[in-house]
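>>> For reference, the sequence and a predicted model appear below.
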Amino acid sequence: VRVYRRSAESATDTAPVIEVVREFIDAIRPAPDDMLVLAQATSPFTSPDDFRRLRQSIDAAKADSYIACLRTKRFVWNHDGTPASYRLDAKPMRQAFSGTLIETGAFYASSVGAIERSSSLLSGRIEIVETSPGTDVDIDESIDWLKAEALAKAITMIQ
C-alpha cells in the first residue's frame with residue numbers, strides 16, 4: 001500500500017477524481033498491467049467482505065474494470081414520467097422484483113494501462129461487484145453525516 005498526498009489543485013471539492021488518479025499514475029509510474037483500486041473514504045460502510053468480493057472478481061480476471069454497486073428493490077422512474085425499472089402494465093411485487101443496481105462510489109478498479117488508454121476509471125468489459133447493505137451511504141453533503149451516524153448506531157445496536 002502506498003499513500004499518495006495529492007496536489008493542492010487536485011484536492012478541491014470540484015476536482016474530478018480522474019485528475020487525481022492521473023496525477024497519482026504520473027507520480028508513481030506503476031506498470032500498465034498493475035491493478036489500481038480506488039477506495040473512496042466517503043463510503044464508510046464498505047466492508048472487508050466487499051473488498052474480498054472485489055479481489056475474487058479481479059483474481060478471476062473476467063473484466064477490464066470493476067465497479068461497486070448495491071442492489072436495491074426501489075422502483076426507478078425516468079424524468080419523462082415513465083418507469084425505468086418495470087412496465088406499467090406488469091408492475092412486479094417488490095418481493096419478486098430482481099431489483100436495480102446502483103453505483104455506490106465505494107470503489108473502482110481498473111488496470112493502469114486501461115486508465116491511461118481511456119482516461120477513465122471504467123472501460124472495456126466492466127464487471128459489477130455487489131456490495132453489502134448500507135454501502136449506498138456516501139458522505140458528500142451535510143445530510144449524509146446524519147444518515148451515516150444513524151446507520152452506525154443501528155448497526156451497533158443489532159450486533
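Structure received.
>>> Extract the CA atoms of stretch 69-77 and return them as PDB.
Output for stretch 69-77, consisting of C-alpha atoms alone and laid out as PDB, is shown next (Å, rounded to 0.1, in the frame of the first residue of the first chain):
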ATOM      1  CA  CYS A  69     -22.900  -1.400  -6.900                       C
ATOM      2  CA  LEU A  70     -25.700  -2.100  -4.500                       C
ATOM      3  CA  ARG A  71     -28.900  -4.000  -5.400                       C
ATOM      4  CA  THR A  72     -32.000  -2.000  -4.400                       C
ATOM      5  CA  LYS A  73     -35.600  -3.100  -4.600                       C
ATOM      6  CA  ARG A  74     -36.800   0.500  -5.200                       C
ATOM      7  CA  PHE A  75     -38.600   1.300  -8.400                       C
ATOM      8  CA  VAL A  76     -36.800   3.800 -10.600                       C
ATOM      9  CA  TRP A  77     -38.500   6.400 -12.800                       C
END
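>>> Rounded mean pLDDT for that stretch, please.
With pLDDT averaged residue by residue, stretch 69-77 scores 94.
>>> That one: which residues count as buried?
Under the neighbour-count criterion of 16 or more other C-beta atoms under 10 Å, stretch 69-77 has 69-70 buried. Quick note: C-beta positions are derived from backbone N, CA and C, even for glycine.
>>> same thing with stretch 48-67?
For stretch 48-67, burial by neighbour count (16+ other C-beta under 10 Å) applies to 50-51, 53-54, 57-58, 63-67.
>>> Contacts only, for the spatially most central residue of the chain.
For the chain, the residue whose C-alpha lies nearest the mean C-alpha position (C-alpha atoms, centre = their mean) is residue 105; its distance is 2.9 Å. Counting by C-beta atoms under 8 Å, 6 or more residues apart in numbering, residue 105 touches 40, 42-43, 68, 138.
>>> if you set the cut-off to 10 Å instead, what comes out?
Applying C-beta atoms under 10 Å, 6 or more residues apart in numbering to residue 105 gives the contacts 17, 38, 40, 42-43, 46, 67-69, 135-136, 138, 140.
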